[in-house]
Every structure is written in C-alpha cells, then in structure tokens.
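1. Show me how the following folds:
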Amino acid sequence: MTQVTERGTPLSVAPRAVRRRRSPAAAACVVGGAVAAGLGLGFLAVLVIVLWISSPYPDSGPGGALHLAAGLWLLAHGTELVRYETLSGVPAPVGLTPLLLVALPVLLMRRAARLGSASEEEGEETLPAGAVFSAVLCGYLAVGALATVYAAGGPMPADPLSAAWHVPLVAVLAAASGVWAVRGRPLGPPPSWVPGGVRRAVARPRYALALRAGAGGALVLLGGGALLVGSSLAWHGTEVQGSFLALTGVWSGRFAVLLLAIALIPNAMVWGASYALGPGFALGAGVTATPLGFTGSAALPRFPLLAALPPEGPGTPLTWAVAGLPVVAGLAVGWFAVRRAREVSYGETALTAALGALVCGLVMTGLAAASAGPLGSRALAEFGPVWWATGAAAFVWTLLPAVPVAVAVHAWRNRPALAMDDGWHDSGVREIRWAALRRAAGTLVPDITPAEPPAPAPPRSPRQVTVVPRLRLDLLPPKSLTPPVVGARVLPRRKPTP
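-> Now for the predicted structure:
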C-alpha cells in the first residue's frame with residue numbers, strides 16, 4: 001500500500017485511493033437522505049392535491065395546496081405552524097402534532113440510513129457508521145431547510161426557531177437508529193473518559209432488563225389508553241357520529257376529517273394513559289379532565305375524538321376504576337425485571353425493578369410532551385397532558401407495585417427444592433391406603449404382604465474357612481454330559497467319493 005520515491009522516502013497512496021472510492025458512496029448517502037425527505041414531501045403533496053381537487057369550494061390555487069403540504073411535512077417533525085387568518089387577527093400557533101404523521105419521516109430516514117450503511121459494491125469499502133450518519137443527515141436537512149423557506153409563503157408558515165431544532169432532532173434519532181440497526185445493534189463499552197465505577201455498573205445486565213421492563217410497562221399503559229379511548233367512542237357513539245356529519249356535507253371533507261382523526265389516534269392513546277395515571281389532560285386554559293372530575297368549561301371545536309370526552313362535573317366510580325391500569329403496568333414492570341439466574345440477590349432485583357419504573361416514567365414523559373401542543377393563543381393555548389406530571393405519575397404508580405412483585409417472583413423462581421418426606425413410607429400410611437384400595441376393588445388387587453427381612457447371618461470367626469467342594473467332570477458318566485435328544489433321526493455318515 002506504499003510506494004518508495006527516488007530519495008527512498010515512503011509515499012502512502014492508500015488514503016487517496018480510499019477517498020476516491022468513498023466519495024461516490026458518500027454522495028449516494030447524501031442523495032439518499034434528500035430522497036427520503038422528498039418522498040415524505042411528495043406523499044403529503046399528493047394527498048393534499050387530491051383533497052384540493054375533490055373539494056367543491058377550493059379557497060386557493062394549487063400553489064397554496066403545495067405550501068400547505070410543506071407545512072404539514074414540517075408539522076410531522078413537531079414544528080409549530082402559525083395561523084394568521086384568525087377572527088381576532090392575532091396569529092395563533094398550531095403545535096399539536098399528529099403522532100401518526102411522525103412515523104412517515106422516521107421510517108423514510110431510517111430506511112435511507114440502512115441502505116447507506118449496507119451498500120457495498122465490488123472493490124469498494126463500506127463507509128463507517130459516522131460517515132453514513134453525517135452524509136444522510138446532510139441531505140435530509142438540506143431538503144428540510146428548503147421546505148421551511150417554501151412553507152413561509154403559504155397560509156400556515158412554520159416557525160423558524162421551532163423548525164431549527166425539531167427537524168434535526170427527528171432526523172438525528174431516525175438516522176442513528178437506522179445505522180445502529182444495520183450494524184447489528186452493537187452495545188459497545190462506554191468511552192475511556194467515563195469513570196471506571198460507572199463503566200463497570202453499566203456493563204451489568206440490570207440495565208438491559210430495566211429497559212425491557214420499562215418498555216413493557218409503557219406498552220401496557222398505551223394499550224390501556226387505547227382501550228379507554230375505544231370504549232369511550234363506543235359509549236358516545238351518537239355524539240361522535242353527529243359531530244362527524246356536522247363538520248362538512250361533502251365526501252371529500254368527511255374523508256379529510258377521517259384521515260385527521262386516524263392520524264390523531266396515537267395522541268388519544270397517550271391522553272388516555274395520562275388520564276388513567278391521574279394528571280389527566282388540559283383542554284384549554286384552566287380546563288382539565290381527570291378521573292376525579294372534569295373542571296372548567298372547555299371551548300372545544302366540533303371533532304369526533306373530542307366528542308368522546310368524559311362528562312363535565314365530579315368523577316364517578318366508573319372513572320375511578322381506570323386506576324387499575326397503572327397498577328397492571330406496575331405488575332408488568334415487576335415481572336419483566338426478574339432474572340432467572342439464582343445468584344442474583346433480592347437487592348439487585350429490587351433495584352432493577354426501580355430502574356424499570358424510571359424508564360417507564362421517562363418514556364411516558366417523552367410521549368406526553370410529543371402528543372401535546374397549543375391550538376391557539378388564548379383559550380386553547382394549553383392542549384394535552386402535562387409532560388412532567390404524566391412522567392412523575394407513571395414513575396410513582398409503577399414503582400409501588402413493581403418492587404414487591406419483582407422480589408416475590410424472584411423468591412418463587414429461586415425457591416429451594418422440597419426434600420423427600422419419608423413419613424409416607426415409615427408411618428404405615430402406604431399400607432393403610434393399599435388395604436382401602438383392596439377393599440374397594442374386591443379381589444382384583446392382590447394382597448401384597450411385605451416380605452420379612454432375612455435374618456442376619458451369624459458372625460464367623462476370622463480363622464474359620466469355608467471349603468467349597470470342586471466338581472470333577474471326568475468322574476461323571478459320558479451319558480450325563482450329553483442331554484438326550486427326543487424325536488431326532490440319526491443318519492449314517494457317508495464316505496466322500498474319490
């Protein structure tokens with residue numbers, strides 16, 4: 001890989017060759033990131049254009065629809081939009097992000113990072129993980145900056161400060177997960193600058209179990225939230241149908257409302273979980289819905305999901321019953337926090353369960369923050385669950401049952417084996433049971449009398465020698481050695497012919 005010049009000094013040519021081979025791969029990764037962003041923008045643009053064409057009363061031309069599509073793409077990353085056309089004339093922020101829309105850019109960005117990491121042509125080295133991550137991120141953020149500038153001329157432009165950190169945050173997380181997945185999900189040791197005690201503590205398996213337990217508890221909470229939302233929609237079916245039909249009378253408008261309701265279902269799941277945890281969710285300034293009651297009067301728009309809210313006033317035993325959901329989540333955290341190894345102590349198991357509850361609280365904190373946002377500047381400035389209250393409630397609710405359940409499951413799995421009890425054989429219970437079976441079965445069961453143990457042989461003196469007579473076969477008659485053959489025919493021996 002080196003060449004020697006005329007003066008005898010070595011000349012390295014490997015870095016230039018590697019750079020020449022890696023430059024097309026790096027450019028392909030940049031293009032892949034840009035294509036991922038373009039596909040997300042194109043999907044939303046096609047959807048908005050179809051709804052605009054099918055609308056009987058379009059308010060703007062195709063340019064306005066494309067600007068709105070760019071704004072929706074930025075909203076899918078968590079960016080706040082600004083609505084200037086209001087009745088009061090005051091610009092109103094729109095920061096409630098439909099969580100189902102977030103899945104589109106995340107999946108596309110993750111796919112681009114996976115393809116960039118797995119691309120390996122003949123005679124070309126694979127790019128390192130850092131290079132793939134940076135190249136894909138650059139392409140994606142370049143398209144994101146253009147989309148932010150383009151959406152500024154539409155009816156709902158994006159807030160530049162909000163877009164400056166929301167779009168890179170989503171892109172970084174998605175690209176990192178894609179590169180990490182294609183590399184085999186490695187969990188290498190911490191860096192050398194981390195203290196030795198921290199590195200040894202992180203290397204223990206308790207953290208993987210804590211992550212699994214916390215994820216299990218969060219999934220139980222989200223599943224319970226989905227169950228609450230579905231039950232409430234079924235309970236208020238008439239109100240939901242009325243609000244759906246009253247919004248618009250054309251099929252294109254109803255289709256748009258249906259798509260928006262589907263995109264907000266993950267938000268409703270998080271809201272239902274926050275409601276079951278106790279903090280509930282805000283429906284405007286000074287209006288909160290909790291299991292203990294619905295305080296305040298909410299100025300809500302007509303929307304199918306909002307028609308399934310609990311009634312205003314104090315809580316009922318039916319609303320109090322949702323407290324069983326976080327208890328079930330705590331049981332799940334305690335169950336998944338137990339290791340099967342017998343050498344694990346009870347303190348280690350309890351600590352793992354506590355860390356699992358902490359992970360569950362952190363997950364619910366992030367989901368609550370992502371599912372909430374303002375829909376206006378005054379009455380609807382607060383809309384959704386409070387992130388810190390939801391996370392704290394999830395941690396406390398899951399911690400209380402998780403630790404004792406984990407210790408109890410650990411004690412049950414590692415219980416000592418029961419020793420064999422000889423009372424069944426020594427106390428005569430076996431003979432009594434056998435006699436009862438004989439009496440019930442008649443004479444079909446034979447009577448088995450336990451044989452008496454043989455009498456012990458008398459002790460022999462050391463000098464006494466037992467002589468065993470030896471049988472001599474040469475003194476026996478010849479006939480006794482050959483057993484008689486009955487019914488056999490003896491043929492004469494024939495001489496061979498010469």
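2. Cys138 against Gly33, yeah?
-> Yes: Cys138 is within contact range of Gly33, at 6.6 Å (criterion: C-beta atoms under 8 Å). For glycine as for every other residue, the C-beta is placed from the backbone atoms N, C-alpha and C.
3. higher neighbour count, the two?
-> Neighbours of Cys138 and Gly33, each counted by other C-beta atoms under 10 Å, are more numerous for Gly33; the result is 30 against 15.
4. Can you tell me how far the closest residue to Leu245 other than its chain neighbours is from Arg433?
-> Nearest non-adjacent residue to Leu245, counting by C-beta to C-beta, 6 or more residues apart in numbering: Arg254, 7.8 Å away. Per C-beta to C-beta, to the nearest Å, Arg254 is found 76 Å from Arg433.
5. Ok, Pro157 next?
-> Noted for Pro157: a distance of 88 Å to Arg433, by C-beta to C-beta.
6. More neighbours: which of those two?
-> Neighbours per residue, other C-beta under 10 Å: of Pro157 and Arg433, the larger number sits with Pro157, 22 against 11.
7. where does the more buried one fall, phi/psi-wise?
-> Note on Pro157: backbone dihedrals following degrees, to the nearest 10 are phi -70, psi 160.
8. Thr97 too?
-> Per-residue torsions, Thr97: phi -90, psi 120 (degrees, to the nearest 10).
9. what does the model give it for pLDDT?
-> Reported pLDDT at Thr97 in the predicted model: 93.
10. residues in contact with it?
-> Contacts for Thr97 (C-beta atoms under 8 Å, 6 or more residues apart in numbering) come out as 75-78, 370-371, 373.
11. now do Gly225
-> Counting by C-beta under 8 Å, 6+ apart, Gly225 makes contact with 268-276, 325.
12. Surely it is within a helix?
-> Yes: with DSSP: H, G, I helix; E, B strand; the rest coil as the criterion, Gly225 is located in a helix.
13. For it, which non-adjacent residue is closest in space?
-> Here the residue nearest Gly225, using C-beta to C-beta, 6+ apart, is Gly272, at 3.1 Å.
14. burial of Ala370, as a residue count?
-> Residues near Ala370, counting by other C-beta under 10 Å, number 17.
15. nope, Gly40 is what I meant
-> Quick note: Gly40 (other C-beta under 10 Å) scores 25 neighbours.
16. Which residue ranges of the stretch 351-498 of the chain form strands?
-> 383-384 (DSSP state E, counting those that start in this stretch).
17. then the helix or strand harbouring Ala268 to CSV, C-alphas only?
-> Take DSSP states H and E as the rule and Ala268 turns out to sit in helix 265-277. Extracted as CSV, the C-alpha positions of helix 265-277 are listed here (Å, rounded to 0.1, in the frame of the first residue of the first chain):
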residue,chain,number,x,y,z
ILE,A,265,-55.3,8.1,17.4
PRO,A,266,-51.8,7.7,18.9
ASN,A,267,-52.2,11.1,20.6
ALA,A,268,-55.5,9.9,22.0
MET,A,269,-53.8,6.7,23.3
VAL,A,270,-51.3,8.9,25.2
TRP,A,271,-54.0,11.1,26.5
GLY,A,272,-56.0,8.1,27.7
ALA,A,273,-52.9,6.7,29.5
SER,A,274,-52.3,10.1,31.2
TYR,A,275,-56.0,10.2,32.2
ALA,A,276,-55.6,6.8,33.9
LEU,A,277,-52.4,7.8,35.6
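18. Contacts made by that helix with the rest, please.
-> Residues from elsewhere that reach helix 265-277 (C-beta under 8 Å, 6+ apart): 96, 98-100, 221-222, 224-229, 280-281, 289-291, 305, 322-323, 325-326, 364, 367-368, 370-371, 384-385, 390, 393-394, 397.
19. on that earlier part again, let me know the closest of the contacts of Thr97 to Ala145.
-> For the contacts of Thr97, the closest approach to Ala145 (C-beta to C-beta) belongs to His77, at 12.5 Å.
20. ok, the spatially closest residue to Arg183 that is not a sequence neighbour - contacts?
-> Closest residue to Arg183 apart from its sequence neighbours, by C-beta to C-beta, 6+ apart: Ala129 at 5.9 Å. Shown in contact with Ala129 (C-beta under 8 Å, 6+ apart): 117, 179-180, 183.
21. Dump those to a markdown table, plus neighbour count and secondary structure.
-> Compiled in a markdown table, the contacts of Ala129 are given as follows (neighbours: other C-beta atoms under 10 Å; DSSP: H, G, I helix; E, B strand; the rest coil):
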| residue | neighbour count | secondary structure |
| --- | --- | --- |
| Ser117 | 24 | helix |
| Val179 | 23 | helix |
| Trp180 | 18 | helix |
| Arg183 | 14 | coil |
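22. mind listing the helices for the stretch 201-350 of the chain?
-> Assigned by DSSP state H, counting those that start in this stretch, the helices in the stretch 201-350 of the chain fall at 206-235, 237-247, 251-263, 265-277, 317-320, 324-336, 346-371.
23. follow-up on the earlier one: going by neighbour count, which of the contacts of Gly225 comes out on top?
-> Ala273 (32 neighbours).
24. Now that residue: closest residue in space that isn't a chain neighbour?
-> Counting by C-beta to C-beta, 6+ apart, Ala273 lies nearest to Gly225, which is 3.6 Å off, once chain neighbours are set aside.
25. Remind me what the helix ranked longest in the chain packs against, helices and strands.
-> Determined from DSSP state H, the single longest helix within the chain is helix 14-54. Helix 14-54 sits against helix 62-75, helix 99-118, helix 129-151, helix 251-263, with contacts defined as 3 or more C-beta pairs under 8 Å, 6 or more residues apart in numbering; DSSP states H and E.
26. Among these, which comes closest to Phe336?
-> Between Phe336 and the helices and strands packed on helix 14-54, the shortest separation by C-beta to C-beta is 24.6 Å, and it involves helix 99-118.
27. Tell me which residues of the closest one come out buried.
-> 99-102, 104-106, 108-117 (16 or more other C-beta atoms under 10 Å).
28. For stretch 154-167, what does the pLDDT average out to?
-> Mean predicted confidence for stretch 154-167 is 91.
29. which ones are touching the residue most central in space within the chain?
-> Taking C-alpha atoms, centre = their mean, the centroid of the chain lies closest to Ala215, which sits 5.5 Å from it. Residues near Ala215 by C-beta under 8 Å, 6+ apart: 359-360, 363.
30. neighbour-wise, which of the residues you listed leads?
-> Busiest of the contacts of Ala215 [other C-beta under 10 Å] is Cys360, holding 32 neighbours.
31. Okay then, goodbye and thanks.
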